[in-house]
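Undergrad: mind folding the following:
(chains A and B)
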Amino acid sequence: AQRVTQPEKLLSVFKGAPVELKCNYSYSGSPELFWYVQYSRQRLQLLLRHISRESIKGFTADLNKGETSFHLKKPFAQEEDSAMYYCALLMDSNYQLIWGAGTKLIIKP
Amino acid sequence: GAVVSQHPSWVICKSGTSVKIECRSLDFQATTMFWYRQFPKQSLMLMATSNEGSKATYEQGVEKDKFLINHASLTLSTLTVTSAHPEDSSFYICSAGDRSEIRETQYFGPGTRLLVL
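TA: So this is what the prediction gives:
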């Protein structure tokens, strides 16, 4: 069955430290993965998707099919990165997104 | 990116009344829209998939007679919470995919906070 797992509910790091938010998936089809971010009191926003291979706000994520992972990384965390981060998998059959439980990232000054 | 709006942004109603929430794609056409509930400090729960011109597809455990979905046009889907009760209080979010993009991306509305007294 399709599933997205974000093992950390909460991740707290100091400003300037590297950040890695973990995401693992289970999907029999061809995975298309996204990271969405929700800042306090704001709507969910697309942060990045694996097919575009972009780096947005300093974040990158590489799809590792062998490990079925799509971890989100940033080398130097900034305070404005504090938010909820959701990993999601798009099912190509019906365009539904399968969501991870989310990770709350807190960047300490 | 594409913009999705929701109206109202928040609503307070008495128990037993019905509440309609609109979701619009402002600058693109969306054949499919999705409705979610988000409980405090929890992830999104997909309620139903709204298909333009046809019946919505509901997730298991979601009462279709309670949460009526209408997708009358390529830019508008509505969710009506009928005979609302306090346990229906939640944050409702819609999303829509821009099919004109090579690979569809879901864009989210700002959400509607419903409080049933």
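
Undergrad: going forward, measure contacts between C-alpha atoms and count neighbours the same way
TA: Will do.

Undergrad: near chain B, which residues of chain A show up?
TA: A:Q42, A:R43, A:L44, A:Q45, A:L46, A:Y86, A:Y95, A:Q96, A:W99, A:G100, A:A101, A:G102 (CA under 8 Å from any CA of the partner chain).

Undergrad: ok, now how distant is the fourth one from B:V3?
TA: Pointing back at A:Q45 there. 11 Å (CA to CA, to the nearest Å).

Undergrad: next, show the common contact partners of these two.
TA: Listed as contacting both A:Q45 and B:V3 by CA atoms under 8 Å, 6 or more residues apart in numbering or on different chains are B:Y107, B:F108.

Undergrad: when the two are compared, which one has more neighbours?
TA: Neighbour count, other CA atoms under 10 Å in any protein chain shown: between A:Q45 and B:V3, A:Q45 has more, with 19 against 16.

Undergrad: quick check: the gap between the more buried one and B:R37.
TA: In terms of CA to CA, A:Q45 sits 16 Å off from B:R37.

Undergrad: ok, now B:H7?
TA: 15 Å.

Undergrad: who's more crowded, the two?
TA: Taking other CA under 10 Å, B:H7 and B:R37 do not tie; B:R37 has more neighbours (22 against 16).

Undergrad: least confident secondary structure element in chain B?
TA: strand B:106-108 (a mean of 84; mean pLDDT, DSSP states H and E).

Undergrad: the following helix or strand past that one and chain A in contact?
TA: The helix or strand immediately downstream of strand B:106-108 is strand B:112-116, counting by DSSP states H and E. No - figure legend: strand B:112-116 not in contact with chain A (CA under 8 Å from any CA); closest approach 10.5 Å.

Undergrad: again, but for stretch B:58-76
TA: No - counting by CA under 8 Å from any CA, chain A has no neighbours in stretch B:58-76; the shortest distance is 11.2 Å.

Undergrad: how far off centre is that stretch?
TA: Distance of stretch B:58-76 from its chain centroid, counting by CA atoms, centre = their mean, to the nearest Å, is 8 Å.

Undergrad: re the thing from before, which of the residues of chain A next to chain B fall within strands?
TA: A:Q45, A:L46, A:Y86, A:W99 (DSSP state E).

Undergrad: most neighbours among those residues, which one is it?
TA: Within these, most neighbours by other CA under 10 Å means A:Y86, with 27 neighbours.

Undergrad: got the contact list for that residue?
TA: Per CA under 8 Å, 6+ apart, neighbours of A:Y86: A:W35, A:Y36, A:V37, A:W99, A:G100, A:A101, A:G102, A:T103, B:S43.

Undergrad: rewinding a little: and the contacts of the least confident helix or strand of chain B?
TA: Residues outside strand B:106-108 that contact it (CA under 8 Å, 6+ apart): A:43-46, B:1-4, B:93-98.
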